[in-house]
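S.K.: sequence first, then the predicted structure, then my questions.
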Amino acid sequence: MIIASLAAASYGVWWWVMQRAVPMQTERVDYIIEVGSGPKAIVRTMRAAGIEVDDNQFAALARFSKKDKQLQAGAYEAVQGDTLWTLLERMAAGDMLQTRLTLIEGWDYKRIRQVLAQNEQVRQTLTDVPDAELLARLGSDVTHPEGLFYPDTYVFVPGTTDYDILRRAYQAQHELLEQMWAERAPDLPLKTPYEALILASIVEKETGHSADRARVAGVFINRLRRGMLLQTDPTVIYGMGEAYQGRIRKRDLQTDTPWNTYTRAGLPPTPIAIPSKAALQATLHPESHDFYYFVARGDGTSQFSRNLNEHNRAVRQYILNRN
């Protein structure tokens with residue numbers, strides 16, 4: 001009888017512990033559990049964040065429920081009314097907070113790093129890491145980071161490192177490029193997947209109208225086949241760096257940089273931005289035609305020309321506003 005009474009009393013205590021709302025300093029509390037944290041360390045983290053958890057009760061409940069080996073590192077949110085059991089189950093199930101970060105096609109690497117650095121949910125680990133070291137850690141065989149990261153929306157747990165997000169974006173771009181390169185159209189004047197990435201970045205920056213992508217790519221492919229200069233303004237802008245202030249002058253077209261396709265033949269040495277999947281598709285499956293020139297009409301579309309005379313007329317019409 002005494003043993004039964006004690007058992008009943010013990011059960012009642014644990015029922016109260018499991019069902020009682022845990023005191024919290026605010027309505028919602030975010031906290032991050034580091035990898036390798038056991039129940040005692042987790043309690044210290046929660047208490048430091050403002051969740052008044054009893055370390056003995058949490059550890060005992062985790063042990064007796066056999067959830068102590070299931071607790072997962074990550075970012076979590078506790079809300080007013082949560083019980084000890086609710087918190088424990090949430091961490092055992094890995095029901096973590098998540099947030100999003102979007103990398104936009106056409107961005108350059110500098111913009112990507114700025115966005116990562118400005119996101120308060122991203123843990124900064126690359127501030128003083130040289131690009132060469134980052135690329136080595138990623139396993140890249142190129143020496144410049146431009147264009148290597150896939151533009152997409154990345155869902156991540158707060159506290160994820162900038163490196164981990166870049167690693168995911170790098171792997172996604174690498175896998176996509178390898179797959180699309182294997183399925184490319186025959187007889188393209190491109191020797192490697194990296195050359196395709198370079199040209200796709202130019203197509204991305206030159207195309208304001210999605211229906212024109214394959215035709216724009218075809219213009220550049222035609223020019224490469226004939227050994228013509230690509231003469232594309234976005235490469236000049238990229239080579240100008242901070243000197244670009246919104247306008248390209250004649251002297252800018254004549255000032256040589258490694259990326260100036262008015263002064264140097266062939267492709268530039270690196271991509272100039274991150275291309276979209278659509279730009280890669282257009283580059284590796286360009287429209288077959290006999291156009292060698294195009295000019296922006298001012299509405300997002302382009303006027304294509306077969307020879308220089310046609311192109312000059314298009315320039316007068318759409319750029320110089322002369323018929």
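M.R.: Perfect, I can see it now. Residues are numbered from 1 along each chain as shown.
S.K.: so what's Leu6 scoring on pLDDT?
M.R.: The confidence metric pLDDT takes the value 35 at Leu6.
S.K.: distance from the chain centre to the longest helix along the chain, please.
M.R.: The residue-count maximum for a helix in the chain (DSSP state H) belongs to helix 162-182. Computed by CA atoms, centre = their mean, to the nearest Å, the chain-centroid distance of helix 162-182 equals 9 Å.
S.K.: and the end-to-end length of stretch 25-44?
M.R.: 15 Å (CA to CA, to the nearest Å).
S.K.: okay, buried residues for that stretch please.
M.R.: Val29, Tyr31, Ile32, Ile33, Ser37, Pro39, Ile42, Val43 (16 or more other CB atoms under 10 Å). For every residue, glycine as well, the C-beta is placed using N, CA and C.
S.K.: in CSV, list those residues along with secondary structure, pLDDT and distance to Leu229.
M.R.: Below are those laid out as CSV (DSSP: H, G, I helix; E, B strand; the rest coil; pLDDT from 0 to 100; distance: CB to CB, whole Å):
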residue, secondary structure, pLDDT, distance to Leu229
Val29, strand, 89, 60
Tyr31, strand, 88, 58
Ile32, strand, 87, 53
Ile33, strand, 87, 57
Ser37, coil, 88, 59
Pro39, helix, 89, 67
Ile42, helix, 93, 62
Val43, helix, 92, 67
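S.K.: closest one of the residues you listed to Thr153?
M.R.: Nearest to Thr153 among these, counting by CB to CB, is Ile32 at 22.0 Å.
S.K.: residues touching the closest one, list them.
M.R.: For Ile32, the contact set (CB atoms under 8 Å, 6 or more residues apart in numbering) comprises Thr45, Gly74, Ala75, Tyr76, Pro158, Gly159.
S.K.: just the ones in helices from those residues, please.
M.R.: Using DSSP H, the contacts of Ile32 in helices are Thr45.
S.K.: so which of the contacts of Ile32 wins on neighbours?
M.R.: Compared across the contacts of Ile32, Tyr76 has the highest neighbour count, 25 neighbours, by other CB atoms under 10 Å.
S.K.: how about that residue: which residues does it bridge to?
M.R.: For Tyr76, the beta-bridge partners are Tyr31 (DSSP bridges).
S.K.: surely Glu77 is in contact with Thr26?
M.R.: No - applying CB atoms under 8 Å as the test, Glu77 and Thr26 come out as separate, 11.3 Å apart.
S.K.: farthest pair in the contacts of Ile32?
M.R.: Maximum pairwise distance in the contacts of Ile32, criterion CB to CB, is 13.9 Å, between Thr45 and Pro158.
S.K.: ok, so of the buried residues of stretch 25-44, who is nearest Gln114?
M.R.: Checking the buried residues of stretch 25-44 against Gln114 by CB to CB gives Ile32 as the nearest, at 23.8 Å.
S.K.: skipping its backbone neighbours, what lies nearest Ile274 in space?
M.R.: What sits nearest to Ile274 in space, not counting adjacent residues and going by CB to CB, 6 or more residues apart in numbering, is Pro151, at 5.0 Å.
S.K.: return the residues in contact with the one you found.
M.R.: Thr102, Leu103, Ile104, Glu105, Gly106, Trp107, Ile274, Pro275, Ser276.
S.K.: so who does the first one touch?
M.R.: For Thr102, the set of contacting residues under the criterion of CB under 8 Å, 6+ apart consists of Pro151, Asp152, Thr153, Tyr154.
S.K.: I am finished for the moment; much appreciated.
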